[in-house]
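Chemist: predicted structure and sequence below. I'll ask about it afterward.
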Amino acid sequence: MPAIYLGALSGTSLDSVDVAAVDFDGGATLIAFASRPIDRAVAQRVTHLQTQPAPLAELARLDCEFGHLFADAVLALIEDQSLAAGAIEAVGLHGQTLLHRPDDACPCSVQIGDPNIVAARTGLTTVADFRRADIALGGQGAPLTPAFHRELFGHLERAAVVNIGGIANLSVLGGGEVAGFDTGPGNCLMDAWMMRHQQQPYDDEGRWAASAAPDRELLARLLAHPPFSAPPPKSFCTSQFHLGWLDDYLMDGADPAAVQATLAELTAATITDALRHHAAGAETLLVCGGGVHNRHLMQRLSALTGVRVRSTDTEGVPPDRVEALAFAWLARQRLARASGVIAAATGATQAALLGGVYLPPPGPPPGTEQKG
Ligand SMILES: Nc1ncnc2c1ncn2[C@@H]1O[C@H](COP(=O)(O)OP(=O)(O)OP(=O)(O)O)[C@@H](O)[C@H]1O
Ligand SMILES: [Mg+2]
């Protein structure tokens, strides 16, 4: 059986479509990775759909457009790397999350990026819809990466992994009752505040946050938000941490730089709390996701946790590629009929087989037909 699987996703930060090619022959070797920025106008349409009433047709249209964005990214990676189509077993397509509400009366999680389009255009088996099998078993449908983090980094003793994307999620390595959960906002509030006040998509290296002292009273009010102290399993959606949510906590005349410093502190403090309560023996915190590039945040994590805080790069895994690698692995698990989720992390009654399998059309994919 070919050993190469692709993992494709665009995260909640709506920054890029990422694709990894991973060879699982005797480990998990990243053989290629590509990241394509998401057009600002497309990202804004997604945000609009998440926050405003919108026609159903817009949802259907974005599902189709993201299907093509993912297919474009997969095909470009295959071509750039001259990967032989026959060597690729499947694509693990996470898609783009629009909504994640596992605690609603009728729990749901919605990802777009039509897998039929990816299967048709690439000619590859495509595994998608990774979250809902877990939700159907009473789980949060998130986080899905603790099992893979253990696969990659389980040899490390006394360590935990935190992925700091739009939301931050912790994986506890080694044994213990809690395997992982979402800790709260990762970059999403800092990004939104940055866009409002500095018209930039993110606070480069956390320089703006580092320029001011956090507002301790504001931080205390934010930390009192009950979900932060709720026990796991728990997961969050970036739509829970929008600027309207933050505005309700702000006093008139708040200094924007001090608010940014407070938001960085909120991310660092909620991760620190999670580590203290559920990975107390950890001496190392491995960090992946875009938050690793926020130097100020990394310094605050070091100071607050008191443990060694380092990038997954130090373990040979580039921090911006871990999530894409995870979905390649989850596709492999699905085709092997093996679970890739730790039920204790999501709260499901059992470990589900994650993902629906979309088979490619029987004929050759477009563009490969014999002419003449
Ligand atoms: N140089 C940098 N300085 C500060 N922050 C950065 C830098 N580069 C990236 N980031 C942050 O990382 C974010 C992107 O991270 P990432 O791609 O891991 O998140 P994501 O796409 O939301 O993924 P997911 O939600 O699936 O974990 C950016 O929105 C930004 O906040
Ligand atoms: Mg991203």
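Modeler: Noted; the coordinates are in hand. Ligands and ions are numbered 1, 2, ... in the order given.
Chemist: outline the domain layout of the protein.
Modeler: As recorded under automatic domain parsing, the domains making up the chain are 4-141+323-358, 146-315.
Chemist: pLDDT of the last one, averaged?
Modeler: If I follow you right, that is domain 146-315. Averaging pLDDT along domain 146-315 yields 96.
Chemist: and that domain, is it in reach of ligand 2?
Modeler: No - contact of domain 146-315 with ligand 2 (C-beta under 5 Å from the ion) is absent, the minimum separation being 6.0 Å. Glycine gets a C-beta too; all of them are placed from N, C-alpha and C.
Chemist: touching ligand 1 at all, that domain?
Modeler: Yes - applying C-beta under 6 Å from any ligand atom, one finds domain 146-315 touching ligand 1 at 163, 165-167, 187, 191, 202-206, 289-291, 293-294.
Chemist: how about the first one?
Modeler: Yes - on the criterion C-beta under 6 Å from any ligand atom, domain 4-141+323-358 is in touch with ligand 1 at 11-13, 15, 323.
Chemist: do me a favour and get the end-to-end distance for that domain?
Modeler: End-to-end distance for domain 4-141+323-358: 17 Å, by C-alpha to C-alpha, to the nearest Å.
Chemist: run the chain-centre distance for it.
Modeler: Mean-position distance between domain 4-141+323-358 and its chain equals 10 Å (C-alpha atoms, centre = their mean, to the nearest Å).
Chemist: longest helix in the protein, please.
Modeler: Longest helix in the chain by number of residues, with DSSP state H as the criterion: helix 56-80.
Chemist: among the residues of domain 146-315 next to ligand 1, name the ones in strands.
Modeler: 163, 167 (DSSP state E).
Chemist: can you turn the buried part of the residues of domain 146-315 next to ligand 1 into a ChimeraX selection?
Modeler: Entered in ChimeraX, the line below selects the buried ones among those, by 16 or more other C-beta atoms under 10 Å:
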select :163,165,166,167,187,191,202,203,206,289,290,291,293,294
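Chemist: which one of the residues of domain 146-315 next to ligand 1 is nearest to residue 237?
Modeler: In terms of C-beta to C-beta, no member of the residues of domain 146-315 next to ligand 1 lies closer to residue 237 than residue 167, at 7.3 Å.
Chemist: which elements pack onto the helix or strand following the longest helix of the chain?
Modeler: Per DSSP states H and E, the first helix or strand lying C-terminal to helix 56-80 is strand 88-101. Strand 88-101 is packed against strand 4-10, helix 40-51, helix 56-80, strand 108-112, helix 115-122, strand 126-128, helix 322-335, with contacts defined by 3 or more C-beta pairs under 8 Å, 6 or more residues apart in numbering; DSSP states H and E.
Chemist: what residues of the last one count as buried?
Modeler: Buried residues in helix 322-335, defined by neighbour count with 16+ other C-beta under 10 Å: 322-335.
Chemist: what separation is there between residue 121 and ligand 1?
Modeler: Separation of residue 121 from ligand 1 (C-beta to the nearest ligand atom, to the nearest Å): 23 Å.
Chemist: what's the local residue count around that residue?
Modeler: Counted with other C-beta atoms under 10 Å, residues neighbouring residue 121 total 21.
Chemist: which residue does the stretch 101-250 of the chain bring closest to ligand 2?
Modeler: Of all residues in the stretch 101-250 of the chain, residue 165 sits closest to ligand 2, at 6.1 Å by C-beta to the ion.
Chemist: show me the contacts for that residue.
Modeler: Residue 165 makes contact with 11-13, 186-187, 289-291, 323, according to C-beta atoms under 8 Å, 6 or more residues apart in numbering.
Chemist: please redo it, this time with the cut-off set to 10 Å
Modeler: 9, 11-13, 15, 186-188, 238, 288-291, 320, 322-323 (C-beta atoms under 10 Å, 6 or more residues apart in numbering).
Chemist: many thanks, we can stop here.
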